[in-house]
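**Q** A structural model of the following input is requested.
(2 chains)
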Amino acid sequence: DIVMTQSPLSLPVTLGQPASISCRSSQSLVHSDGNTYLNWYQQRPGQSPRRLIYKVSNRDSGVPDRFSGSGSGTDFTLKISRVEAEDVGVYYCMQGTYWWTFGQGTKVEIK
Amino acid sequence: EVQLVESGGGLVQPGGSLRLSCEASGFIFSNYWMSWVRQAPGKGLEWVANVKQDGNEKYYVDSVKGRFTISRDNAKNSLYLQMNSLRVEDTAVYYCARLEYITGRRGFDYWGQGTLVTVSS
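**A** Numbers count the residues shown, from 1 in each chain, chains lettered A, B, ... in the order given. Coordinates of the predicted model:
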C-alpha cells in the first residue's frame, strides 16, 4: 500500500504571508498512462473536504490562484502565496494512482 | 449545482448493521463512479468503497471487505452503503463522494456533508 506522509502536521502562519505543505509518497505516483494522480484537499472547520488541486498542479474551478501545486514522482508541495483568514483548516494530499490514500493532514492556523 | 445528501447514520451496537444512503442531483449520476469516504472523530480521511457507473464493479478497503456492501440505483440517483458486523473502529463521519475516474483525472471532486455513524455499546 502507498503511504502518504505530510509535513508539517501543524502550520501557524501570519496573515498575508506564504505557506507551504509537503507531501511525500512511499513510491512513485506516475501512473502507467503517464499521469501523476496527486490531489490536494482543503477541509475548513466543520465542513466537508473540497478539492483544490488535481493531477499535481491543476486548480479546480473557483479555487483562488494563491493556491498552487507542484512536484513530481514522490515529492509534492502545496503553496499558498498569501494566507487569508478563510484558508484556516486542514489540508490533505491524496494519491489516486494506486487506489486512493490520503496523507495525515496539515492543520493551518493563524498566528 | 452538484449536490450529494447523505442520510442513515446513527448509533448502533457492535455487531449491528446500518444502511447509509446518498441522494445525488445536479449531474448525470449514471455517468460517474461513486464512492464512500470516512473520517473518524478528530482523524484523517480514509477511502472506503467505490462502485462503477453500472454497479458491476465494486472495490473496498481491506478493513471493510466482507462486511460492507456498496450499491447504487441509477433510476433513483442514489448511492448506498450497507454496513454489517459493525465494529467500534467503524465510528466515523461517512461522506458520499463523486469520483472522477478517467485518464487525466482521478479523484473525489464533490463531497456530501457527511453522516455520523457511532458504534458503541
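**Q** okay, CA-based contacts and neighbour counts for the rest of this
**A** Fine.
**Q** near chain A, which residues of chain B show up?
**A** Neighbours of chain A within chain B, by C-alpha under 8 Å from any C-alpha of the partner chain: B:43-47, B:103-114.
**Q** Drop anything exposed from the residues you listed.
**A** By neighbour count, with 16 or more other C-alpha atoms under 10 Å in any protein chain shown, the residues of chain B next to chain A hold B:44-47, B:105-114 as buried.
**Q** Chain B contacts on chain A?
**A** Contacts of chain A with chain B, taken as C-alpha under 8 Å from any C-alpha, map to A:33, A:35, A:37, A:39, A:47-51, A:54-55, A:96-97, A:100-105.
**Q** which residue is nearest the middle of the chain?
**A** Unless you meant another one, I'm taking chain A. When C-alpha atoms, centre = their mean is applied to chain A, the residue found nearest the centroid is residue A:40 (3.4 Å).
**Q** Not quite, go with chain B.
**A** Among the residues of chain B, the one closest to the centroid is residue B:36, at 2.4 Å (C-alpha atoms, centre = their mean).
**Q** Help me confirm that that one is found in a strand?
**A** Yes: checked against DSSP: H, G, I helix; E, B strand; the rest coil, residue B:36 lies within a strand.
**Q** Could you pull up the mean pLDDT of stretch A:91-99?
**A** Stretch A:91-99 shows a mean pLDDT of 96.
**Q** Distance from the chain centre to that stretch, please.
**A** Centre-to-centre, stretch A:91-99 and its host chain are 9 Å apart (C-alpha atoms, centre = their mean, to the nearest Å).
**Q** So what touches it?
**A** Residues outside stretch A:91-99 that contact it (C-alpha atoms under 8 Å, 6 or more residues apart in numbering or on different chains): A:2, A:4, A:6, A:23, A:29-31, A:36-43, A:100-108, B:106-107.
**Q** ok so, going back, mind listing what the closest residue to the residue nearest to the centre of chain B other than its chain neighbours touches?
**A** Leaving aside its sequence neighbours, residue B:36 sits nearest to residue B:96 (C-alpha to C-alpha, 6 or more residues apart in numbering or on different chains; 4.8 Å). By C-alpha under 8 Å, 6+ apart, residue B:96 lies in contact with B:4, B:5, B:6, B:22, B:34, B:35, B:36, B:37, B:79, B:111, B:112, B:114.
**Q** rerun at 6 Å
**A** Shown in contact with residue B:96 (C-alpha atoms under 6 Å, 6 or more residues apart in numbering or on different chains): B:35, B:36, B:111, B:112.
**Q** that's a strand at it, yeah?
**A** Yes: counting by three-state DSSP, residue B:96 is located in a strand.
**Q** how much space between it and chain A?
**A** 10 Å (C-alpha to the nearest C-alpha, to the nearest Å).
**Q** returning to what we had before: of the contacts of stretch A:91-99, grab the buried ones for PyMOL.
**A** To isolate the buried ones among the contacts of stretch A:91-99 in PyMOL, judged by 16+ other C-alpha under 10 Å, type:
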select buried, (chain A and resi 2+4+6+23+29+30+36+37+38+39+40+41+42+43+100+101+102+103+104+105+106+107+108) or (chain B and resi 106+107)
